[in-house]
Every structure is written in C-alpha cells, then in structure tokens.
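**Student:** Got a predicted structure plus its sequence, pasted below:
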Amino acid sequence: MGGHSRLKYALIGLTPYSFYYDLSRTFGYRYVLLQYFIAINDLHNFFVPVDVYKKFIRAEYLSMKLPLEPFDYGAVPWNKKMDPQARLNARDIIDGWADKNYPDTRDENIKILDDYLTLCGRNRIRPIMFLPPMTEGYIKHFNKQKLDEFHYLIGQACKKHPYAVFIDGWKLQGFTDRDFYDVFHLNIIGAAKFSTFLNSVIEQLDGH
C-alpha cells in the first residue's frame with residue numbers, strides 16, 4: 001500500500017495455458033465453480049443454468065455475501081515434498097492437462113487480461129504478471145508451441161500496456177524439486193522463496 005493507503009501493485013498469476021483454459025468447461029473441476037458462484041453469481045459455460053442452481057441454495061445464504069476463505073477446497077499438502085514417482089511420471093501428468101484446452105476461449109481470455117491491465121492503468125496500479133516456478137520435468141515436457149504463443153501474447157499485452165511487468169519464474173535459478181509438492185505446485189518452502197523474490201521486485205520498483 002502507498003503512503004495514502006492506495007493500492008500500488010496488483011499481482012496477476014498466470015500459467016502457460018491461461019489463454020486456453022476455461023474452468024467452467026473442465027470436466028472433474030467444474031465443481032469448484034459452484035463454490036465461486038456464491039461470490040460471483042455466475043456459472044459461465046457450466047451446463048447448470050443459474051436459475052436452476054439457485055434453487056439448491058437457500059436465498060438467505062446467497063444474501064450473506066460470505067468470503068471464499070471458509071470453503072474447503074481439499075487438503076493442500078503445503079509441507080509435502082514431491083514424490084520421486086511423480087517426477088518420473090511428469091510427462092504423463094502434463095499430458096493429462098491436454099483436455100483443459102479450449103481454443104474458442106482464447107480471445108475471451110486475452111480480453112479478460114487486457115481488461116485487468118486497463119483497469120490497473122486507469123487506477124494507477126502497476127500490474128505484475130508472473131509465471132510461478134515449475135519443476136524441471138514440467139518445463140521439459142510442456143508443449144513448446146503453447147509456451148511460445150503464451151510469451152507472444154504476453155509480449156503483445158506488455159506493448160499495449162507498457163506500465164505492466166512480466167516475471168518469468170521458469171527462468172529463476174535456485175529452485176529444486178524440494179521446493180514443490182508435485183510437478184507443478186510449490187510447497188510452503190518454495191512459495192516462501194518465490195514470495196521473497198516478488199517482494200524484492202516490488203522494492204526495486206518502489207526504488208524507481
């Protein structure tokens with residue numbers, strides 16, 4: 001926060017498949033959207049009509065406007081270190097994300113990011129987009145064509161919004177498999193390490 005309690009920076013976490021991903025269409029994960037519904041009142045491309053879903057929730061519960069924190073999204077093994085078998089199965093795990101690819105959402109997601117960056121600029125908030133660090137196995141097996149397109153689209157976004165910053169966590173040194181609890185999620189040790197790095201970036205920006 002700035003000296004006048006005004007937000008100065010906005011962190012925007014991304015993945016290389018961000019422009020093609022649609023949670024509301026992803027079988028096996030759409031239930032998460034039902035939890036978000038309480039806050040955003042929208043199911044987007046999920047097949048359950050909003051008016052039907054509302055019938056499953058008591059009206060007074062919807063009106064409470066509860067924060068998302070109390071909901072249980074499943075136990076996250078933050079303190080866990082990656083299983084050696086997961087390292088060996090990195091390619092199979094990454095290939096399993098192939099179904100989370102919806103080309104017709106590309107333009108929609110590009111616009112969403114553009115809207116975020118525009119909103120930040122309008123309010124004099126500097127957006128910091130970033131790819132979090134990933135394991136060597138994940139980086140090795142990720143589809144190069146999708147990765148190249150991701151960087152191209154981010155480059156276009158930065159040209160249009162020159163006040164935006166992009167950090168490629170895949171290029172950071174010092175992260176090992178011990179910093180992850182699976183092939184693409186940081187554990188508490190890795191998260192603390194990356195958070196320290198992000199703080200240093202913000203401090204450098206403040207210095208300028």
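**Tutor:** The structure has been received and is ready for your questions.

**Student:** where along the chain do the strands fall?
**Tutor:** 9-13, 126-131, 165-168, 180-182, 185-186 (DSSP state E).

**Student:** can you list the domains in the protein?
**Tutor:** 9-21+78-207, 24-69 (automatic domain parsing).

**Student:** related to what we said a few turns ago, what's the most buried one of the strands of the chain?
**Tutor:** The highest average neighbour count among those, using mean count of other C-beta atoms under 10 Å, belongs to strand 180-182 at a mean of 22. No exception for glycine: its C-beta is placed from N, CA and C like everyone else's.

**Student:** name the helices or strands packed onto it?
**Tutor:** Helices and strands touching strand 180-182, as assessed by 3 or more C-beta pairs under 8 Å, 6 or more residues apart in numbering; DSSP states H and E, are absent.

**Student:** That strand pairs with which strands, parallel or anti?
**Tutor:** Applying DSSP bridges to the sheet, strand 180-182 is found paired with strand 185-186 (antiparallel).

**Student:** for the record, mean pLDDT for the strand it pairs with?
**Tutor:** Mean per-residue pLDDT for strand 185-186: 88.

**Student:** what residues does it touch?
**Tutor:** Outside strand 185-186, the residues within contact range by C-beta atoms under 8 Å, 6 or more residues apart in numbering are 132-133, 179-180, 193-194.

**Student:** Stretch 151-165 too?
**Tutor:** 14, 19, 110, 113-114, 117-118, 120-121, 126-129, 166, 201, 205.

**Student:** And for Leu117, the neighbour number?
**Tutor:** Other residues within reach of Leu117, judged by other C-beta atoms under 10 Å, total 21.

**Student:** list the contacts for it?
**Tutor:** Neighbours of Leu117 in contact, by C-beta under 8 Å, 6+ apart: 127, 157, 160-161, 164.
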